[in-house]
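[1] Model the structure of this input:
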Amino acid sequence: MANGTTSTFANTTLNPQVTDELSTTNATVLGASPSTAMGSLYQTVGNSVAMAAANAVYAQQQANVTYQTASTIAVAHLVSGS
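    I've put the predicted structure just below:
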């Protein structure tokens, strides 16, 4: 400590059951981390692909509306003779 005294926990013995449980918990967390990270990555990639597909569908719909409008105007000009 700051004034030269020792901690009250300096000479205590740790319970082996506690250390085993902590080791097991730490190993479980470390073991599950890669699969958790990959699961998160797969969800993110899946969401990105779904959004890209939705955007492509929307763009195609808007393009079809534009093409139909252009065709209608062109036919109207042909019919009117101007």
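
[2] ok, G46 - how many residues close by?
    Neighbourhood size, G46 [other C-beta atoms under 10 Å]: 10. C-beta: built from backbone N, CA, C; applies to glycine.

[3] any idea how far T24 is from Q17?
    Here the distance between T24 and Q17 works out to 10 Å (C-beta to C-beta, to the nearest Å).

[4] overlap in contacts of these two?
    Contact criterion C-beta atoms under 8 Å, 6 or more residues apart in numbering; residues shared by T24 and Q17: none found.

[5] Run through this protein and note the low-pLDDT ranges.
    Filtered on pLDDT under 70, the chain yields the residue ranges 1-12, 82.

[6] A53: how many residues sit nearby?
    A53 is flanked by 10 other residues according to other C-beta under 10 Å.

[7] Tell me which stretches of the protein form helices.
    For the chain, applying DSSP state H gives helices covering 16-80.

[8] Give me the most central residue, it.
    Centroid check for the chain by C-alpha atoms, centre = their mean gives T44 as the closest residue, at 3.2 Å.

[9] Contacts only, for that one.
    So T44 contacts nothing (C-beta under 8 Å, 6+ apart).

[10] Please apply the same query to the one 4 residues further on.
    Neighbour list for S48: empty [criterion: C-beta under 8 Å, 6+ apart].

[11] what's the distance between it and L41?
    Distance from S48 to L41, by C-beta to C-beta: 11 Å.

[12] what do you get for V75?
    51 Å.

[13] likewise P34?
    Distance, P34 to L41, by C-beta to C-beta: 10 Å.

[14] what's the answer for S71, then?
    For S71, the distance to L41 - C-beta to C-beta - is 45 Å.
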